[in-house]
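A.B. asks: Quick check, what structure comes out for this input:
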Amino acid sequence: MDIDTGRILDDEIRWARFTKIGWAQDDSGFFYSRNAEPEEGAAFEAQVLEHTVNFHRLETPQSQDRLIHASDTDQPLIHMALTTADGRYVVIYSSRLGGGNGITVIDLAEGWTPETLVSSLDHAWTLIGNVGARLFFTTQEGAERGKVVAIDFDAKKPAFQDIVPHRDDAVILGSNIVGDRLVVSYMVDAKTQVERFKLDGTRDGVVELPSTGTAGAFRGRPGDNESFYVFSSQDTPTTIYRYDVATNTSTVWTKPRIASDLDQLVVEQHFFASKDGTRIPMFVMRRKDVTGPAPTMLHGYGGFGIPLIPYFSAEALAWVEQGGVYAMPNIRGGGEYGRAWHEAGRLANKQNSFDDFIAAAEFLTREGITPPDGLAIHGGSNGGLLVGAVVNQRPDLFAAALPDVAVLDMLRFPLFTGGPFWTQEYGDPAVQADFKNLLSYSPLHNVQDGTDYPAILTTTGDTDDRVVPAHSFKYVAALQAAALGNRPRLLRVETKAGHGAGKPTDKIIAQTADMWAFAAHWSGLRLQTGR
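C.D. replies: So this is what the prediction gives:
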């Protein structure tokens with residue numbers, strides 16, 4: 001759409017399943033990523049193997065798009081392009097997902113020739129922005145918890161210079177250039193701290209946050225005197241703040257209206273020991289008047305280096321308002337404590353993620369937070385794999401389980417859509433050692449016939465092209481074919497729905513209502529009238 005006139009353009013972009021958009025400075029077109037056109041009839045499940053960056057000029061056919069960047073190896077890579085705020089540079093990330101990435105830069109002022117800054121895929125690199133020819137990045141190279149570096153792209157021999165060094169006690173969540181300052185968001189025990197630095201790396205104070213929670217998206221550019229950021233926590237709905245660079249102060253810009261008494265909520269952070277003694281943090285939310293054991297929803301993820309940090313969830317609030325407890329452990333495989341935390345829960349170490357989640361369940365029961373027969377578990381995507389695996393390993397711990405859009409067949413996942421890139425996280429079933437490890441925990445292949453299982457409601461979307469619904473179909477078929485006791489093993493398929501992103505509000509409400517009602521019934525949570 002032409003936003004000045006409201007005219008709908010005829011441009012159509014196809015096969016752009018995994019992409020970012022980087023607009024040209026003159027708005028003549030944009031950079032995007034696409035995969036090769038699949039064979040007829042295979043558009044839904046085809047592997048994403050040939051991924052390229054292209055430039056599309058508005059009001060021209062896609063067939064005339066200009067190829068900008070492609071892999072120069074036989075190994076499939078995902079390429080994502082974005083443009084700097086001043087429109088001068090195109091920065092391309094190349095990765096296998098779940099690990100590090102390379103960096104390629106195009107100076108549009110000097111032609112369209114790509115120049116590789118980082119060829120290794122061993123470490124994560126993220127563009128912060130630029131001040132003239134000086135490009136700023138965060139990276140884990142030489143700093144597993146992150147540092148800020150800069151490079152002068154116009155120099156005869158460009159070299160990275162450390163600007164903000166790593167901290168042993170904190171992980172960099174993100175960084176932004178606002179005015180003439182770097183604003184760096186850190187994660188300490190899964191909670192956000194924000195600090196300011198001059199562009200030469202000199203520390204320049206702390207940005208005070210409203211409370212314990214998660215802050216991010218300090219959007220800005222050189223010369224700006226203000227920025228806007230979001231703050232959220234489990235008992236604070238996502239609120240937008242205006243940040244004044246000169247005074248280092250924040251004021252509420254806008255916040256949602258919530259028809260709930262959030263002052264009646266309490267959020268606590270607990271720490272517990274996993275099977276091998278590793279200290280694991282966990283956030284627990286309840287109503288202040290709920291002091292004894294109560295039906296509990298345990299939510300987890302633990303993969304791809306993605307941290308599970310405090311955020312406001314209407315779904316969690318709905319459970320807690322009815323007298324339940326909502327718990328969220330920061331298990332290994334995520335990024336809560338940097339790269340080592342991720343490595344400790346991927347590939348051959350994946351069992352650590354499951355052990356951490358099981359230890360969280362045992363802690364909740366042992367501490368009297370949940371009754372032994374009142375624990376439900378939930379996770380989506382990689383978190384659905386987590387749910388499926390721990391149900392097989394410790395079915396006695398759970399009253400109900402909710403794997404959502406889950407990766408459940410660990411022997412065939414590389415055959416569909418983006419699956420080939422997940423081998424960096426899980427391993428490759430075509431490799432013998434990886435096959436044995438994957439088989440040891442694959443939810444589909446480890447259903448324990450003759451064992452009393454919890455009630456299970458598996459949910460998927462019929463057009464999920466991230467984790468194809470065949471995972472859920474086969475898993476539920478295996479559950480229903482086995483002798484697993486008298487509790488139900490059901491499948492819920494959302495029509496005209498994918499992996500979750502962009503799902504209409506009415507579908508989100510309907511699915512959450514079904515999942516929570518199912519879990520409430522089997523965990524003993526009863527509807528409280530008047531709430």
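A.B. asks: quick one: strands adjacent to whichever strand or helix holds Met80?
C.D. replies: Assigned by DSSP states H and E, Met80 falls within strand 78-83. Pairing partners of strand 78-83, with direction, according to DSSP bridges: strand 89-95 (antiparallel).
A.B. asks: chain center to the partner strand: distance?
C.D. replies: The chain centroid and the centroid of strand 89-95 are separated by 20 Å under Cα atoms, centre = their mean, to the nearest Å.
A.B. asks: List the buried residues of that strand.
C.D. replies: Under the neighbour-count criterion of 16 or more other Cβ atoms under 10 Å, strand 89-95 has 89-95 buried. Just so you know, the C-beta spots here come from the backbone N, C-alpha and C atoms, and that holds for glycine as well.
A.B. asks: How about stretch 328-345?
C.D. replies: Neighbour-count burial for stretch 328-345, counted by 16+ other Cβ under 10 Å, picks out 328-339, 341-345.
A.B. asks: Also stretch 92-110?
C.D. replies: Buried residues in stretch 92-110 (16+ other Cβ under 10 Å): 92-107.
A.B. asks: nearest to Arg286, of these?
C.D. replies: Gly98 (34.0 Å; Cβ to Cβ).
A.B. asks: what domains does the record give for the chain?
C.D. replies: Following automatic domain parsing, the chain resolves into domains at 1-166, 294-309+317-357+375-520.
A.B. asks: which residues are in contact with the worst-scoring helix or strand of the chain on mean pLDDT?
C.D. replies: Of all helical and strand segments in the chain, the minimum by mean pLDDT, DSSP states H and E falls on strand 214-219, at a mean of 88. Applying Cβ atoms under 8 Å, 6 or more residues apart in numbering, the contact partners of strand 214-219 are 173-174, 176, 178, 183, 185, 191-192, 194, 207, 209, 227-233, 243, 309-311.
A.B. asks: Which strands border the helix or strand that comes right after that strand, and is each parallel or antiparallel?
C.D. replies: Counting by DSSP H and E, the next helix or strand C-terminal to strand 214-219 is strand 226-233. Within its sheet, and counting by DSSP bridges, strand 226-233 is paired with strand 214-219 (antiparallel), strand 236-244 (antiparallel).
A.B. asks: just those: most buried one?
C.D. replies: strand 214-219 (a mean of 20; mean count of other Cβ atoms under 10 Å).
A.B. asks: Run the chain-centre distance for that strand.
C.D. replies: 15 Å.
A.B. asks: What segments of the stretch 101-250 of the chain are strands?
C.D. replies: 101-107, 114-118, 125-131, 134-139, 147-152, 161-164, 171-178, 181-188, 191-198, 203-207, 214-219, 226-233, 236-244, 249-254 (DSSP state E, counting those that start in this stretch).
A.B. asks: Next, format those strands as TSV and append distance to Gly277.
C.D. replies: Formatted as TSV, the strands of the stretch 101-250 of the chain follow (distance: least, Cβ to Cβ, whole Å):
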stretch	distance to Gly277
strand 101-107	33
strand 114-118	36
strand 125-131	33
strand 134-139	31
strand 147-152	29
strand 161-164	33
strand 171-178	22
strand 181-188	21
strand 191-198	23
strand 203-207	33
strand 214-219	28
strand 226-233	29
strand 236-244	33
strand 249-254	40
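A.B. asks: Select, out of the ones you listed, the one closest to Met282.
C.D. replies: Across the strands of the stretch 101-250 of the chain, closest to Met282 is strand 191-198 (Cβ to Cβ), at 12.7 Å.
A.B. asks: got the buried residues for the closest one?
C.D. replies: Neighbour-count burial for strand 191-198, counted by 16+ other Cβ under 10 Å, picks out 191-197.
A.B. asks: Run a quick neighbour tally on the nearest residue to Asp154 once chain neighbours are set aside.
C.D. replies: Closest residue to Asp154 apart from its sequence neighbours, by Cβ to Cβ, 6 or more residues apart in numbering: Ala133 at 4.0 Å. Neighbour count for Ala133, taken as other Cβ atoms under 10 Å: 15.
A.B. asks: same question, Asp65
C.D. replies: Around Asp65 there are 18 other residues, counting by other Cβ under 10 Å.
A.B. asks: And the pLDDT at it?
C.D. replies: Listed pLDDT for Asp65 reads 96.
A.B. asks: what about it, distance to Pro256?
C.D. replies: As judged by Cβ to Cβ, to the nearest Å, Asp65 and Pro256 stand 40 Å apart.
A.B. asks: before we move on, what about Ile508?
C.D. replies: In terms of Cβ to Cβ, Ile508 sits 16 Å off from Pro256.
A.B. asks: which one of these two has more residues nearby?
C.D. replies: For Ile508 and Pro256, the more surrounded residue by other Cβ under 10 Å is Ile508, and the numbers stand at 15 against 10.
A.B. asks: and the gap between the more buried one and Arg257?
C.D. replies: 19 Å.
A.B. asks: can you check Val405 too?
C.D. replies: 30 Å.
A.B. asks: neighbour-wise, which of these two wins?
C.D. replies: Legend: neighbour count by other Cβ under 10 Å for Val405 and Arg257, higher for Val405 (26 against 5).
A.B. asks: Could you pull up the residues touching the residue nearest the centre of the chain?
C.D. replies: In the chain, the residue lying closest to the centroid (Cα atoms, centre = their mean) is Ile306, at 5.1 Å. By Cβ under 8 Å, 6+ apart, Ile306 lies in contact with 334-335.
A.B. asks: re earlier: the buried residues of stretch 328-345 in strands, which ones?
C.D. replies: Judged by DSSP state E, the subset of those located in strands is 328-329.
A.B. asks: who's in contact with Leu265?
C.D. replies: Leu265 sits next to 234-235, 285-288, 317, 320 when contact means Cβ under 8 Å, 6+ apart.
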